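Q: Got a sequence here, can you build the structure:
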Amino acid sequence: QSQLVESGGGLVQPGGSLRLSCVAAGFSLEDYSIGWFRQGPGKEREAVSCISTSGGRAYFADSVRGRFTVSRDTAKRTVYLRMNNLNAEDTAEYFCAARNAACSGDDGSYHHWGQGTQVTVSS
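A: A predicted model of the protein is given here:
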């Protein structure tokens, strides 16, 4: 069964950092762009970042650009989202998703989803 599994979430103080991991089980990530999405309390799900199949291109939402980075290790079937200088607005459930095509901000176009990992930014 093909699935994605996120980890690395937790409680962090404002200004802190976290690294989320997204591991693929049952399939290779080589042919998939990987998107990161988040859904905060009372908010709609939004696109945060995406990394292309080769890792050569990365995209970020305006709200996280300059603070978040994304990378992938194909051999480990893992994509990482490094989040720095976190603030309360970053509090959300974070999801990774795989798309057998180029990056897109349309969450409906992704084929595989993880179960999510909670990130809470609070003092």
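
Q: Tell me, how many residues neighbour Gly35?
A: Using other Cβ atoms under 10 Å, Gly35 has 27 neighbouring residues. Backbone N, C-alpha and C define where each C-beta goes, glycine included.

Q: Once you drop chain neighbours, what's closest to it?
A: Residue nearest to Gly35 in three dimensions, not counting chain neighbours: Cys50, with 4.3 Å by Cβ to Cβ, 6 or more residues apart in numbering.

Q: State the pLDDT value of that neighbour.
A: For Cys50, the model assigns a pLDDT of 98.

Q: Would you verify that it is located in a helix?
A: No. Assigned with DSSP: H, G, I helix; E, B strand; the rest coil, Cys50 falls outside any helix and is strand.

Q: List of residues touching stretch 74-91?
A: Stretch 74-91 is contacted by residues 12, 14-25, 28-30, 34, 36, 38, 40-41, 48-49, 51, 55, 63-64, 67-73, 94, 96, 119-122 when judged by Cβ atoms under 8 Å, 6 or more residues apart in numbering.

Q: Could I get the buried residue list for that stretch?
A: Buried positions in stretch 74-91, judged by neighbour count with 16 or more other Cβ atoms under 10 Å: 77-81, 83, 86, 90-91.

Q: What's the end-to-end length of it?
A: 28 Å (Cα to Cα, to the nearest Å).

Q: Next: stretch 71-81.
A: Terminal residues of stretch 71-81 are spaced 7 Å apart (Cα to Cα).

Q: any idea how far that stretch is from the chain center?
A: Distance, stretch centre to chain centre, for stretch 71-81: 11 Å (Cα atoms, centre = their mean, to the nearest Å).

Q: Going forward, the N-terminal residue is numbered 20.
A: All set: I'll call the first residue 20, so the last point we hit is now stretch 90-100.

Q: Thank you kindly, that will do.
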